[in-house]
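>>> Kindly generate the corresponding structure for this input.
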Amino acid sequence: MTALAFALVATTGLTGWLAAAHYWIAACGTALILIDAKVHRLPNVLTVPAFAGTITLLAAAAAAGEHGSFARSLAAAAALSSAFALMTFGGIGLGDVKLAPTLGALLGWHNWTTVFLGTFTMFALGAVVNLLQGRTRGRIAFGPYMIIGALGVSVCVS
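Residues are numbered from 1 along each chain as shown. Got it, this is the predicted structure:
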């Protein structure tokens, strides 16, 4: 699964620190997907380093003059985590809230349209897969849809 995620990132031809941020999320995201799918948890031991690594790599990309906006990344991280925090009342788990700033930062590097499209893709994937599986109620592992949606959109716009 990690090899597939890395291959997806490699298809973009990205180089430099932004590529490293994508590979970092692909690596951390693979572990988070497997754990969330199995036990419905996104552990801090992975979500915190995922965020710290992503922010560090995006800061390095900004320092190196790579195309994108670090300030927008930080704003998108705050916006997406705030939106997900508000959704905890509607069923989003706290692990999803802790994962949101990482993915928001990556999407925000590009532009606000990418943040919107990535967020829409997360929810669309979750809805379609669960409807196809006949699940309309109960707990779902939303982390996999978040990671696949955000990384997929970020790769497509890169």
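>>> And the residue nearest the centre of the protein?
Compute the mean C-alpha point of the chain, and by CA atoms, centre = their mean the closest residue is Leu103, 3.1 Å away.
>>> Would you mind measuring from the nearest residue to that residue once chain neighbours are set aside to Pro101?
Nearest-residue entry for Leu103: Ala150, 3.8 Å, with adjacent residues in sequence omitted and distances by CB to CB, 6 or more residues apart in numbering. Any C-beta I mention is one placed from the backbone N, CA and C, and that applies to glycine too. As defined by CB to CB, to the nearest Å, Ala150 lies at a distance of 11 Å from Pro101.
>>> Looking at these two, which has the bigger crowd around it?
Neighbours per residue (other CB atoms under 10 Å) separate Ala150 from Pro101, with Ala150 holding more: 28 against 25.
>>> so who does that one touch?
Under the criterion of CB atoms under 8 Å, 6 or more residues apart in numbering, the contact list for Ala150 reads 25, 103, 106-107, 118-119, 121-122.
>>> looking at it, His40 is touching Ala141, isn't it?
Yes. Using CB atoms under 8 Å, His40 and Ala141 qualify as a contacting pair, with a distance of 5.3 Å.
>>> The two: which has the busier surroundings?
A direct count of neighbours by other CB under 10 Å for His40 and Ala141 places Ala141 higher, at 21 against 14.
>>> doesn't Ile92 make contact with that one?
No. Proximity of Ala141 to Ile92 does not meet the contact threshold set by CB under 8 Å, at 11.8 Å.
>>> list residues touching both of those two?
With contacts defined as CB under 8 Å, 6+ apart, no residue is adjacent to both Ala141 and Ile92.
>>> By mean pLDDT, point me to the weakest helix or strand of this protein.
When the helices and strands of the chain are compared on mean pLDDT, DSSP states H and E, helix 2-10 comes out lowest with a mean of 91.
>>> which helices and strands does the very next helix or strand once past it pack with?
Read in the C-terminal direction, the helix or strand following helix 2-10 is helix 16-39, with elements assigned using DSSP states H and E. Judged by 3 or more CB pairs under 8 Å, 6 or more residues apart in numbering; DSSP states H and E, the packing partners of helix 16-39 are helix 2-10, helix 44-63, helix 94-110, helix 143-157.
>>> Name the nearest residue to Gly75, ignoring sequence neighbours.
Let me fix one detail, which is that residue 75 is Ala and not Gly. Spatial nearest neighbour of Ala75, chain neighbours left out: Gly108 (6.4 Å); criterion: CB to CB, 6+ apart.
>>> Report pLDDT for that neighbour.
Turning to Gly108, the model gives it a pLDDT of 98.
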